[in-house]
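Undergrad: fold the following.
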Amino acid sequence: MDSATLALRPATDGDQPFLLALLASTRPELSLLDEIQRTMLLQMQFSAQRSHYRQQYPHAEHSIVMAGGEPAGQMLVARSDAELRLVDVSLLPACRGRGVGCQLLAALQQQAAQAGLPLRLQVLHNNSARRLYLRMGFVPGLSEGVHETMEWRAAVNFIGEPT
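TA: Residues are numbered from 1 along each chain as shown. Below is the predicted model of the structure:
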């Protein structure tokens with residue numbers, strides 16, 4: 001997939017098969033189950049996650065990440081007067097480690113800087129994406145159980161403008 005031609009489009013109900021496959025690609029432990037168990041567990045996790053996000057972030061923008069015109073991942077971003085929150089981002093295995101995540105984060109950082117807001121997210125302590133967030137300037141914060149909150153703020157010059 002061509003990461004040079006990234007675009008976002010709104011997620012629709014028709015994206016559910018793709019989103020289920022994407023979720024499955026982030027859960028390698030499910031491969032230990034037989035197909036019926038894997039399908040049932042995946043559907044339960046998908047429904048629970050979707051319900052949780054709708055309850056916690058009812059106005060979040062859910063986008064499908066397109067790379068070279070093909071679905072490559074998904075991103076959920078909640079915007080408020082206090083912050084930009086990257087609620088969730090996931091990419092297909094073929095798109096990981098190819099700069100797609102960096103491009104998505106850089107675009108969000110630019111939006112946060114222009115709005116004068118922090119960009120926040122939560123990540124599992126053992127998630128390999130944590131290293132990316134650190135490289136992109138996110139600072140670790142509150143640790144709650146298996147999750148850690150991270151925050152990025154634009155550097156501000158002496159006249160109060162983002163640099």
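Undergrad: give me the buried positions along the top helix by length along the chain.
TA: When the chain is parsed with DSSP state H, its longest helix is helix 35-56. Judged by neighbour count (16 or more other C-beta atoms under 10 Å), helix 35-56 contains these buried residues: 38, 42, 45, 46, 53. Glycine gets a C-beta too; all of them are placed from N, C-alpha and C.
Undergrad: quick one, strands of the protein?
TA: 6-10, 61-67, 70-79, 84-91, 119-124, 139-144, 147-152 (DSSP state E).
Undergrad: roughly how far is the first one from the heart of the chain?
TA: Read that as strand 6-10. How far strand 6-10 lies from its chain's middle: 13 Å, per C-alpha atoms, centre = their mean, to the nearest Å.
Undergrad: low-confidence ranges in this protein?
TA: Scanning the chain for pLDDT under 70 picks out the ranges 1-4, 156-163.
Undergrad: let's see it at 80
TA: For the chain, applying pLDDT under 80 flags the ranges 1-4, 28-33, 156-163.
Undergrad: just want the most central residue of it.
TA: Most central in the chain under C-alpha atoms, centre = their mean is residue 89, positioned 1.6 Å from the mean C-alpha point.
Undergrad: I figured it hits residue 63, correct?
TA: No - if you go by C-beta atoms under 8 Å, residue 89 and residue 63 don't touch, sitting 9.5 Å apart.
Undergrad: give me the common contacts of those two.
TA: The contact sets of residue 89 and residue 63 overlap at 74, 75, 76 (C-beta atoms under 8 Å, 6 or more residues apart in numbering).
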